[in-house]
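> Sharing a model that was predicted from the sequence below.
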Amino acid sequence: KAGVTQTPRYLIKTRGQQVTLSCSPISGHRSVSWYQQTPGQGLQFLFEYFSETQRNKGNFPGRFSGRQFSNSRSEMNVSTLELGDSALYLCASSGDSYNEQFFGPGTRLTVL
Amino acid sequence: GENVEQHPSTLSVQEGDSAVIKCTYSDSASNYFPWYKQELGKRPQLIIDIRSNVGEKKDQRIAVTLNKTAKHFSLHITETQPEDSAVYFCAAFRFNKFYFGSGTKLNVKP
């Protein structure tokens, strides 16, 4: 099976702009979670989608939003970018039965 | 919610020695505990996991132990090699959500 893929791999934006990141899960996986990773901050949970519904949400401001499509692909959007949004954004997919979560390569976002 | 604490934050060992990383969790409803290895610039990779109905699991040089009563689980790496150098994350799974520890940077000195 192909692994989790994310596009784009790198992005450079300026403050105030918005950005959309994409994640394609492993075939057959219906759960997609998003994480923000910054140096020294570990993995911060953003939200999780399952069958096109947001099932869990972390403690991020409303500027961070997401959605999931019927083919389980997911997008994450960040509006009004701030310098502090610079991070590696990882998505991960899980199957229904065994919980194992597999990560994509991440999108490195730099906000100038 | 769940709270996962991971120690130590950094660990330096000599090649061939063993390394142990410990995590504690707070909610007894957590029932699945994976460990991830993240090499510099790469994605976290699942290296071993354990479910709440099992006390220990081993895969070659790595093993994980779970103490449900004390709510802690540990990663054991034996005969460490330089390629084991990475950041290791533990996690607890509860109600469709993963809670991650803050990570341990393992340095294996040749």
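Received, thanks. Numbering: from 1, shown residues only, chains lettered A, B, ... in the order given.

> Assumed residue A:84 was part of a helix.
Yes: when classified by DSSP: H, G, I helix; E, B strand; the rest coil, residue A:84 is found to be part of a helix.

> Tally up the residues packed near the residue nearest to it when sequence neighbours are not counted, please.
Closest residue to residue A:84 apart from its sequence neighbours, by CB to CB, 6 or more residues apart in numbering or on different chains: residue A:111 at 7.9 Å. From N, CA and C alone the C-beta is placed, and that goes for glycine too. By other CB atoms under 10 Å in any protein chain shown, the residues close to residue A:111 number 19.

> wait, what's in contact with residue A:111?
Residues in contact with residue A:111, defined by CB atoms under 8 Å, 6 or more residues apart in numbering or on different chains, are A:13-15, A:81-86.

> Show me what from chain B comes close to chain A.
Taking CB under 8 Å from any CB of the partner chain as the criterion, the neighbours of chain A within chain B are B:32, B:34, B:36, B:42-46, B:49, B:89, B:93, B:96-103.

> Is it correct that residue A:88 is in contact with residue A:107?
Yes: under the criterion of CB atoms under 8 Å, residue A:88 is in contact with residue A:107, at a separation of 7.2 Å.

> of these two, who's got more company?
Of the pair residue A:88 and residue A:107, residue A:107 is the one with more neighbours under other CB under 10 Å, namely 21 against 17.

> quick one: the more buried one from residue B:75, how far?
In this structure, residue A:107 lies at 28 Å from residue B:75, with CB to CB, to the nearest Å as the measure.

> Any regions of chain A where pLDDT drops low?
Flagging of chain A using pLDDT under 70 yields the residue ranges A:1, A:97-98.

> can you give me the strands in it?
A:5-7, A:10-13, A:19-24, A:31-38, A:42-50, A:53-57, A:64-68, A:74-78, A:87-94, A:101-103, A:107-111 (DSSP state E).

> Quick one: end-to-end distance for stretch A:75-82.
When the termini of stretch A:75-82 are compared using CA to CA, to the nearest Å, they are 19 Å apart.

> Give me the helix or strand of chain B that scores worst on average pLDDT.
strand B:97-100 (a mean of 91; mean pLDDT, DSSP states H and E).

> Counting by contacts, list what it packs against.
With contacts defined as 3 or more CB pairs under 8 Å, 6 or more residues apart in numbering or on different chains; DSSP states H and E, strand B:97-100 has these neighbours: strand A:42-50, strand B:86-94.

> now the ones you listed as TSV including mean neighbour count?
Formatted as TSV, the entries for those read as follows, by neighbours: other CB atoms under 10 Å in any protein chain shown:
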stretch	mean neighbour count
strand A:42-50	21
strand B:86-94	23
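
> Tell me which of those strands lies nearest to residue A:26.
With CB to CB as the measure, strand A:42-50 is the member of these nearest residue A:26 (14.2 Å).

> So the closest one, near chain B or not?
Yes: judged by CB under 8 Å from any CB, strand A:42-50 comes into contact with chain B at A:42-43, A:45, A:48, A:50.

> Now do that strand against strand A:87-94, angle only.
Taking axes from the mean of the first three to the mean of the last three CA atoms, to 10 degrees, one finds strand A:42-50 and strand A:87-94 inclined to each other by 40 degrees.

> Done for today, thanks.
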